[in-house]
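1. Any chance you can model this:
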Amino acid sequence: MRKLIVTLPIVMILAGAVRAQQADPAQAPAPKPKPPAPKLTFADKTKLYLQKLGASIDPSKSAADMVVSNYSDPKGGKTTVVITNDRRKNLVGFYIYNFGNVKNATNKEEVFKYLLSTNDAITLGSFFVDGEDDIGYKYLLSGAAPLTAGEFDTVYLTMAAVARERRGEIRQLLGLPVGREDKPTDVKKAAEEKPPQQ
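-> All right, here's what the predicted structure looks like:
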């Protein structure tokens, strides 16, 4: 019993000493803030999104405000999608070409009519004919708010699917081979909006 009476005060003294050595949370130094993550450029962020989708990037044709990508869809087709950042207009643009050219088409009216009816039928983007008579497909978004990965995926994959579905009909109207794409001599710099010619 005497050992218990002697041991108990010693344990209480040791517990008090331990508590006294612990730092008061109010006096503890504030944790150092983490340095901000480096801000990704338009091209860097776009390349990350494309890599997650499994699309390849053509660095020789890409620039700071334009990324040229190739998407191989599950059905075996390949679609080139150009993503641009128009800082002047504060717009992000997605562009697809390789549908053909209407310059020498004998049925321009029919082609234009088809493109207009297609624009009414699709939910994302629109077909157009640029100043060089090339048929393209585009979708523009405001660059005011950052584009999320989910939004990017939706736009990119939807456009690739629409291009795949409509390419054959457009090429057939133009009298071009349906099974293969034209090899463009150069990727169009689509940063400037080119209104369709009627």
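
2. so what's the residue nearest the centre of the chain closest to, chain neighbours aside?
-> When CA atoms, centre = their mean is applied to the chain, the residue found nearest the centroid is residue 152 (3.8 Å). By the measure of CB to CB, 6 or more residues apart in numbering, the closest residue to residue 152 outside its immediate chain neighbours is residue 49, 4.5 Å from it. Where C-beta positions appear, they are placed from N, C-alpha and C, glycine not excepted.

3. and the one you found, how many residues sit next to it?
-> For residue 49, the tally of surrounding residues (other CB atoms under 10 Å) stands at 21.

4. so it sits in a helix?
-> Yes - with DSSP: H, G, I helix; E, B strand; the rest coil as the criterion, residue 49 is part of a helix.

5. Contacts only, for it.
-> Residues near residue 49 by CB atoms under 8 Å, 6 or more residues apart in numbering: 149, 152, 153, 156.

6. how far away is it from residue 69?
-> According to CB to CB, to the nearest Å, residue 49 and residue 69 sit 9 Å apart.

7. now residue 164
-> 15 Å.

8. what's the answer for residue 31, then?
-> 41 Å.

9. In terms of packing, which of those two has more residues around it?
-> Neighbours per residue (other CB under 10 Å) separate residue 31 from residue 69, with residue 69 holding more: 24 against 6.

10. got the buried residues for the lengthiest helix in the chain?
-> Ranked by residue count, the top helix of the chain under DSSP state H comes out as helix 149-173. Neighbour-count burial for helix 149-173, counted by 16 or more other CB atoms under 10 Å, picks out 152, 155-156, 158-164, 166-167, 170-171, 173.

11. on that earlier part again, just the contacts of residue 49: which has the poorest pLDDT?
-> Least confident by pLDDT among these: that is residue 149, with 92.

12. So residue 71, which state does it fall into?
-> Assigned by three-state DSSP, the conformation of residue 71 is strand.

13. go on, residue 135?
-> Recorded secondary structure, residue 135: strand (three-state DSSP).

14. residues touching the spatially closest residue to it that is not a sequence neighbour, list them.
-> Using CB to CB, 6+ apart and skipping residues adjacent in sequence, the residue nearest residue 135 is residue 99, 4.0 Å away. With contacts defined as CB under 8 Å, 6+ apart, the neighbours of residue 99 are 127, 134, 135, 136, 137, 163, 166, 167, 170, 171.
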